[in-house]
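Novice: sequence-free structure coming up:
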């Protein structure tokens, strides 16, 4: 390992820029002559638009133009799309309602886009917004997930008269029924996986620009995957052909999934730039972000687990209703299906699994991938079931898990996934040791003496990352392949530019990708720059989500570096007058095997470009290679988190006392950055468990539309984490990487809820376990105890 | 934000004259007013900024009383050795308001004049029997807080300072809203020669209020145990997604007991 190579905790190169205020975010982009867009949003959850009168607004100072859905339709601008086809059990394709960027005749959630005002200044645009007169016929709203498909529920889209987008299933129903028929014990649970609002620090933003001289568009936008945005805006929405549309996603301040999707606002900004002949800029304010960023989770689930008399799992059956909101967002259909149910086997050998998922429309904001995307929901189901089953059958929760672990690999689950490597007992043993699990009873007694309730909760999670083998996801309905690309440009002086389709919006790629180059080429990370986020610079790539940048993006880079090494050896062979087969490359030096003849990497780079030492017919000048990497399998990070907490029964306040995380991420490039990802993930998972929850009232108004009511976890809510690692190499990519970006958010919620239910002595509490919810649950428990 | 006329008067007299005009708003720390204006939820035609009136800021302790100027920042009250010595509960309260930004901009006068039903200072004013001083008169705290965001202040009347009698002992206990960190329930307990007062902020439908049943019990026996069994009725308490009235009623008892135990 070199000082800056694989495994070194190198400080993040990009942080100097960020912490000195020199980052360049989309809102920092100001184009000459730009106008500002403000969106008129629906105040109603569900209404017919009878009339839009823009006359008074158009007369306001500074107003350049006002557009509605009719204008988009007149220009044949297509609606927003959902790129993953899901088929129902009966073979019917999912029912995708139309999703115009500006409403056409109907609004379907509070915050839906009715019109856009473009004006010289933002304040003028907002002033004019108030003068648009819209006549609505308000319709009853369909809000609650569990009731969305009830007979008589208001219909969100005519194409889905019962509000079911699909009724999907996976697994062997007959085998699962048979497993339950022979069960000695069945554990049942009803769960709500609470709706979350992503809240990246930087809100979404877009600047659309049109160059009439070249008939070409440029869109600056807050995207995790600018090439995918270009593809969708070109091929489906019809803004312009791809070679006439450049998408730039500069520094992006967090995404957590919410910036994967192609939204109405950037579509309108880039389209309108040509209409008004000026660049058009929009930056979301925080209220707009709450209302219109794609939300996450929102499942209602009933699950049952069958056990034999020896405490081994025989089968699992699950029914989930997944709220997809008012429209199908870009990847929404896949999240509660293929990103969810295939993970229900957890770390366990479960012979039979059957899971049904009803995706439903409601008059709420669209729901799509949010950190973990389906996998936190699956982990919550299986890990709550494991804990309760252990309690019901009188087994230690750790021992019960151990007994059911998958221990040989590869392991084919009944739900698609084939786990390639792992050592689950090792992570559990290490976590129990680090958490001082043996002394939990003593600490519980000590808390009781202080009048406090102590609980401990285990979560043994698995996730499928490195998304994903293109052929596999294609067979499941994905509209795109999920490979990644990389290009390595070696400059004549030996410095290196990496162009990657992976997009960094907090992950630290400028450091970790450079570390891989440093390791492979033996050069300093200071001589490596990472270029991403610009479709005019970087060849087609698929972007960052699903913990894929290491496993997929860096694998593409590794493959490109292989090609660089091969070419550089040829160059070195000409310079050193030896055959390329006799050239060794180590620590940045090319040497002729068995001699003392050597040349360093920078000199080879120069020789490649001056091309004096070889004939152009034998070898092309230059040193630049690119590669595409398509994974052979998902990767399967897994680990064990243990949460230990204390509850004040007088107030219901929960204080997390200890957090132990032991994760197996395979090969780790930068342990410090990985640990940071674990910390952030746990914070978001604790946020889901204890704090966060989007609340719509019965009329479809978002009650939690600001930080006054939507509770985010703060530093003071979180303990000092104890983070440990185990390692099994991932066999499915050249670097052995599994991915780490989502693990904490996946592992944490069941760990917290298992601990809370341990502390209060019953299972009847939902997330978020706020002080109010915990206090009520304690009262309920006391009433029950009194009744018995 | 809508356009408005900005005034920064250099005397209390001219401030009062400007504040008397229709739709004028007084700007102290601006920690409530400015966000409201940015959200386009308030549209004053003019702002009268008191920040040049340096006489309105400052703390003095004399004759058994703590006097705090209206423009004194929460951070200065929290950091004041004099306040901490005289009424430690008041320094604690100031230190628990909002976040560092709010504490360094927000003022005691702004907080008391705004009378947000979840603000902290009204509980202290009422529990300590403070006197609210304005450019026109002195108002007993008992008569000052008249309802949600409503006070006895007249048009153009400017709050200039607050006089707190020093109690024998007092404490403030605050249960924060997990999202906003405002008080869901804040209880101020004060014991003085005049008796015991227990005030509650954050919970009441009409803002800050006193809890007579606690006061009577504590007057006889100033101990947490004395009020342990006294149930505060849920009627008249706020309900929202963070706390319903029953939970708030419970918290009033819990916070009051903790305040009694912490009183010094």
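Specialist: Happy to help now that I have it. As the structure is a prediction and not an experimental result, all values here were calculated from the model. Numbering: from 1, shown residues only, chains lettered A, B, ... in the order given.

Novice: so what's the residue of the stretch 401-550 of chain A found nearest chain B closest to, chain neighbours aside?
Specialist: Going by CB to the nearest CB, chain B is nearest to residue A:451 of the stretch 401-550 of chain A, at 11.7 Å. No exception for glycine: its C-beta is placed from N, CA and C like everyone else's. Using CB to CB, 6 or more residues apart in numbering or on different chains and skipping the chain neighbours, the partner closest in space to residue A:451 is residue A:649 (7.2 Å).

Novice: The residue in the stretch 651-788 of chain A that chain B sits nearest to: how many residues sit nearby?
Specialist: Taking CB to the nearest CB as the measure, the stretch 651-788 of chain A has residue A:711 as its residue closest to chain B, at 3.8 Å. Residues lying near residue A:711 (other CB atoms under 10 Å in any protein chain shown) number 23.

Novice: ok, now residue A:498?
Specialist: 24.

Novice: Can you list the neighbours in contact with the helix or strand it falls within?
Specialist: If you go by DSSP states H and E, residue A:498 is part of strand A:496-500. For strand A:496-500, contacts defined as CB atoms under 8 Å, 6 or more residues apart in numbering or on different chains pick out A:484-491, A:509, A:513-514, A:517, A:521, A:523, A:527-532, A:537-539, A:541, A:553, A:556-557, A:626.

Novice: tell me what the longest helix seen in chain A is packed against?
Specialist: Longest among the helix segments of chain A by residue count, using DSSP state H, is helix A:554-576. Applying 3 or more CB pairs under 8 Å, 6 or more residues apart in numbering or on different chains; DSSP states H and E, one finds that helix A:554-576 contacts strand A:484-490, strand A:496-500, helix A:509-521, strand A:583-586, strand A:589-592, strand A:598-600, helix A:601-610, strand A:624-629.

Novice: how about the shortest one: buried residues?
Specialist: By neighbour count on 16 or more other CB atoms under 10 Å in any protein chain shown, the buried set for strand A:598-600 is A:599, A:600.

Novice: Now for the residue of the stretch 51-200 of chain B found nearest chain A, how many residues are close by?
Specialist: Closest approach between the stretch 51-200 of chain B and chain A, counting by CB to the nearest CB: residue B:179, at 3.8 Å. Using other CB under 10 Å, residue B:179 has 19 other residues around it.

Novice: Ignoring the adjacent residues along the chain, who's closest to residue 24?
Specialist: All of this is about chain A. Nearest to residue A:24 is residue A:250, by CB to CB, 6+ apart, at 4.9 Å.

Novice: wait, chain B
Specialist: Per CB to CB, 6+ apart, closest to residue B:24 is residue B:46, 4.6 Å.

Novice: got it, and residue A:110?
Specialist: Residue A:110 sits nearest to residue A:45 (CB to CB, 6+ apart), 5.2 Å away.

Novice: Those residues of chain B touching chain A, which are they?
Specialist: B:1, B:39-40, B:175, B:178-180, B:241-244, B:247, B:250-251, B:254 (CB under 8 Å from any CB of the partner chain).
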